[in-house]
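Trainee: fold the following, please.
(2 chains)
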Number of protein chains: 2
Amino acid sequence: MPGPVYIVGVGLTKVSRHFDKSLIDLFAEASLKALEEAGVEPRDLDAVVVGNMLANSLGSQDSLGALLATSIGARYKAAFHVKAACGSGGVAVYTGYSLVASGLADLVLVGGVEKMTDYPTPVITTALAQAGEAEYEVFYGASFAALNALMMRLYMEKYGVSRDEMSEWPVMMHANAEKNPYAQIRRRISREDVAKSRVVADPIRLLDSSPIGDGAAAVLLASENGLKKLGKKPDVLVEIAGVGLAVDTVELSNREELDAIPALRYAALQAYNMAGIEPKKLDVVEVHDAFTITGILSLEALGLAEKGKAAKLVAEGRFHPGDKPVANPSGGLKARGHPVGATGVYQVAEITMQLRGDFPGVKVEGAEYGLASNIGGDGSTITAIVLRRVR
Amino acid sequence: MPGPVYIVGVGLTKVSRHFDKSLIDLFAEASLKALEEAGVEPRDLDAVVVGNMLANSLGSQDSLGALLATSIGARYKAAFHVKAACGSGGVAVYTGYSLVASGLADLVLVGGVEKMTDYPTPVITTALAQAGEAEYEVFYGASFAALNALMMRLYMEKYGVSRDEMSEWPVMMHANAEKNPYAQIRRRISREDVAKSRVVADPIRLLDSSPIGDGAAAVLLASENGLKKLGKKPDVLVEIAGVGLAVDTVELSNREELDAIPALRYAALQAYNMAGIEPKKLDVVEVHDAFTITGILSLEALGLAEKGKAAKLVAEGRFHPGDKPVANPSGGLKARGHPVGATGVYQVAEITMQLRGDFPGVKVEGAEYGLASNIGGDGSTITAIVLRRVR
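Mentor: Numbering: from 1, shown residues only, chains lettered A, B, ... in the order given. Just a heads-up that it's a prediction; the model follows:
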């Protein structure tokens, strides 16, 4: 059984169009905040794990582990970059966890960072399409929105879900993000706004879709021994109680189900079993709503709603602030924003703050258990991470 | 202290211009060989870790963990892709090690794969340049060969090493590769051939440089518990006795030394300490000779030669077959070939076969300890992995 792994510091930048900040600037801002919280200097770190999707395709830069670790002064430490499209951040936390749990490292900084807005939208869209299968999907013009549209249409027709019911998800996300100072989009919308927004790939509309933005998030992980090395002891201690990672075929054509995200069920089951809990224990979740359909299917795969029921439950008021669990108090990918390779780290940082009681937006009072689930590709690489407030 | 991690299967493809094989074909060939050796089915795996540098840039394909794991039938298992330019393979072994040592996984397949030869050379060269620093090196036209040429010139001038002495390294590599059926280049050359080959970036000549090629290598890692799940028990058991990973600035301009690879000293020290050995215990090493100078500096950083002495020692016959240690009996990057993101996994697979006594080329008889060192960028991401024959 792996030893305990604690989260002892978090740092976020606002998700935005940071035309004035480079990839390194964003990474350093979030990372140094996380280190500052724990009173740790970069030279005290044993390892740095970077989650990023697009620096290669857009910035012509590989060697990100070395580049970003040394940019904050962690020279001669272990560092590397993990990649799973929009799921890179969650995988970075997962591998960071394994470095600590294995005993290889006592203090590990996990940073997700993405710099998207310096490039023209068609260039970004082409780069994002690498998350899909290159030879049998993208080659034939199936963009990422188009693939998700197939799943949304099937879901709505099979389970008799209306446009109006689906629209409550983005409405809830915008309302939550309004209070989150790190969120990219902070204005309320109505179901009518969603239904009337322009079609991206029928039935997906603009307000079903997460925006393009830059951002960085960091979490500092510590072993039991690592706790002794902190300059500042945390008031509230949060533990990674369970982790899960599961993959499915990248191409939708070989999936066993299209009205579900089966790999998320497997990842969540691992994380729940490791944490020794059932889904109903969760007080708060941050799920991966790249599109409305992705958020809805995530709730079902996590065991928080029956198949075909999640959208209707959201429309009836479930998962809103005050419920148990609250879904995406951050505003989610839809409104907090989706700096792709950083998103999974944002989620873990946000859940950590909820459990500590210091999230600066919609708060989930007294939360003890939280879960973050991050998705790479159209449901192909999934991480589920359960956090627990220890004391 | 991490639990023991064993290598219970290896698989290689020949390094070559495989115009008839895709990235998936190559990965599957090497991976299924490794699984076959141990009598393990893909569905028995807990995790798959992929090392690759160029599938993004050349093949427009992200999501490699999911793509390659599901291609061999490891659906719903953990899988992800690690990236550190030409050091991706070594980092994949390092992270695979941590998954097993942490208790997260009992059986982990680590596969390195690279598909380079379907693309025009200038396209490949541009993609490879991403290993360097994009804004202050590559932007100004400093190619990868050019950066290594600076280091080679400094080394030769500072330590009074002649062209003829430097040339023995590639001569030895070609001689070793002649006997390796997996090697890309299997013909002997002379020091004169090296000195007369065309200049790539003065003083680096064509025969100082590793070739472009496709290939895949896989190693199957097992915990103590994982050993019980094998369909075939290994005759000789090989253990990962120590691992080290260290980074340095990507840009040469901020290095503390230019006639050395300091991060390799740090990575090696970690690996030696963990294994509880000194360098003189090593019977065989596979080092990262992307260029002649990289191989020479690696021997020095590993503590196998004093600073400034390695090239002269090689020219005097040291590190050749029969010596202790033998360097690169595979033929090294120079002649076995350098399918960039796969190279680090080739090295670990080759050392494993040396310790088992079944490497099908230059053999190091009775070898008990071996080391593989892999480099990403121009000395920026380094792994050192010490293997030991247990019984």
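Trainee: only C-alpha atoms for contact and neighbour calcs from this point on.
Mentor: OK.
Trainee: which parts of the stretch 151-300 of chain A are strands?
Mentor: Using DSSP state E, counting those that start in this stretch, the strands of the stretch 151-300 of chain A run over A:199-201, A:204-205, A:215-222, A:238-247, A:284-286.
Trainee: need the contact partners of the shortest one.
Mentor: Taking contacts as Cα atoms under 8 Å, 6 or more residues apart in numbering or on different chains, the residues outside strand A:204-205 that touch it are A:145, A:148-149, A:152, A:194-195, A:197-199, A:291.
Trainee: pLDDT on it, on average?
Mentor: Strand A:204-205 carries an average pLDDT of 98.
Trainee: can you name the residue of chain A nearest chain B?
Mentor: A:S102 (3.5 Å; Cα to the nearest Cα).
Trainee: which residue is the nearest non-sequential neighbour of A:S102?
Mentor: The spatially closest residue to A:S102, leaving aside those adjacent along the chain, is B:S102, at 3.5 Å (Cα to Cα, 6 or more residues apart in numbering or on different chains).
Trainee: what pLDDT does the one you found get?
Mentor: For B:S102, pLDDT reads 97.
Trainee: residues contacting the closest residue to A:Y155 other than its chain neighbours?
Mentor: Of all residues not flanking A:Y155 in the chain, A:D259 sits nearest, at 5.4 Å (Cα to Cα, 6+ apart). By Cα under 8 Å, 6+ apart, A:D259 lies in contact with A:151-152, A:154-155, A:297.
Trainee: out of these, what pair is the most spread apart?
Mentor: Spatial extent of those (Cα to Cα) is set by the pair A:L154 and A:L297 at 11.9 Å.
Trainee: look at those two and report which has more neighbours.
Mentor: Using other Cα atoms under 10 Å in any protein chain shown as the criterion, A:L154 and A:L297 rank with A:L297 on top: 29 against 14.
Trainee: quick check: closest non-adjacent residue to that one.
Mentor: A:A260 (5.7 Å).
Trainee: was I right to think the one you found contacts A:G295?
Mentor: No. Assessed by Cα atoms under 8 Å, A:A260 is found out of contact with A:G295, at 11.0 Å.
Trainee: common neighbours of those two, please.
Mentor: With Cα under 8 Å, 6+ apart as the test, A:A260 and A:G295 reach no residue in common.
Trainee: before we move on, the earlier item: looking at the strands of the stretch 151-300 of chain A, which is buried most?
Mentor: strand A:215-222 (a mean of 31; mean count of other Cα atoms under 10 Å in any protein chain shown).
Trainee: adjacent strands (with direction) for that one?
Mentor: strand A:6-12 (antiparallel), strand A:107-114 (antiparallel) (DSSP bridges).
Trainee: turn these into JSON lines, columns for mean neighbour count and mean pLDDT.
Mentor: Below are those laid out as JSON lines (neighbours: other Cα atoms under 10 Å in any protein chain shown; pLDDT from 0 to 100):
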{"stretch": "strand A:6-12", "mean neighbour count": "27", "mean pLDDT": "98"}
{"stretch": "strand A:107-114", "mean neighbour count": "31", "mean pLDDT": "98"}
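Trainee: make CSV out of the strands of the stretch 151-300 of chain A and add distance to B:P234.
Mentor: Output for those, formatted as CSV (distance: least, Cα to Cα, whole Å):
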stretch, distance to B:P234
strand A:199-201, 54
strand A:204-205, 54
strand A:215-222, 36
strand A:238-247, 29
strand A:284-286, 45
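Trainee: any idea which of those strands gets closest to A:L68?
Mentor: When the strands of the stretch 151-300 of chain A are compared by Cα to Cα, strand A:215-222 sits nearest A:L68, at 11.8 Å.
Trainee: neighbouring contacts of the closest one?
Mentor: Contacts for strand A:215-222 (Cα under 8 Å, 6+ apart): A:5-16, A:18, A:26-27, A:29-31, A:34-35, A:96-97, A:100, A:106-115, A:339, A:342-343, A:345-346, A:348-349.
Trainee: cool, and stretch A:313-331?
Mentor: For stretch A:313-331, the external contacting residues (Cα under 8 Å, 6+ apart) are A:165-169, A:172-178, A:180, A:183, A:280, A:282-287, A:305, A:336-337, A:350, A:361-364.
Trainee: give me the buried subset of those.
Mentor: A:165-169, A:172-178, A:180, A:183, A:282-287, A:305, A:336-337, A:350, A:361-364 (16 or more other Cα atoms under 10 Å in any protein chain shown).
Trainee: can you list the weak-confidence ranges in chain A?
Mentor: Scanning chain A for pLDDT under 70 picks out the ranges A:1-2.
Trainee: that one: helices as residue ranges?
Mentor: According to DSSP state H, chain A carries its helices in the segments A:23-38, A:55-59, A:64-71, A:88-101, A:121-128, A:144-159, A:163-177, A:191-196, A:224-227, A:262-275, A:292-301, A:310-315, A:332-335, A:343-356.
Trainee: for B:R43, find the nearest of the ones you listed.
Mentor: helix A:262-275 (13.8 Å).
Trainee: chain center to the closest one, what's the gap?
Mentor: Its chain's average C-alpha position is 16 Å from that of helix A:262-275, according to Cα atoms, centre = their mean, to the nearest Å.
Trainee: flag every buried residue along that helix.
Mentor: Applying 16+ other Cα under 10 Å to helix A:262-275 flags A:262-272, A:274-275 as buried.
Trainee: centroid residue for chain A?
Mentor: Geometric centre of chain A, nearest residue: A:G344, 2.7 Å, by Cα atoms, centre = their mean.
Trainee: got a list of what that one touches?
Mentor: A:86-91, A:93, A:112, A:372-374.
Trainee: same check on A:W169?
Mentor: Taking Cα under 8 Å, 6+ apart, one finds A:292, A:295-296, A:311, A:314-315 in contact with A:W169.
Trainee: next: A:P203.
Mentor: Residues in contact with A:P203 (Cα under 8 Å, 6+ apart) are A:149, A:152-153.
Trainee: quick one: name the residues of the stretch 151-300 of chain A near chain B.
Mentor: Residues of the stretch 151-300 of chain A lying close to chain B (Cα under 8 Å from any Cα of the partner chain) are A:244-250, A:263, A:266-267.
Trainee: who's in contact with stretch A:359-369?
Mentor: A:176-177, A:179-181, A:281-284, A:321-322, A:326, A:329-330, A:350, A:353-355, A:357, A:386-389.
Trainee: now A:A342: how far from A:G377?
Mentor: Distance of A:A342 to A:G377, computed by Cα to Cα, to the nearest Å: 14 Å.
Trainee: same check, this time on A:L371
Mentor: For A:L371, the distance to A:G377 equals 20 Å [Cα to Cα].
Trainee: looking at the two, which one has more neighbours?
Mentor: Regarding A:L371 and A:G377, a neighbour count based on other Cα under 10 Å identifies A:L371 as having more, with 30 against 26.
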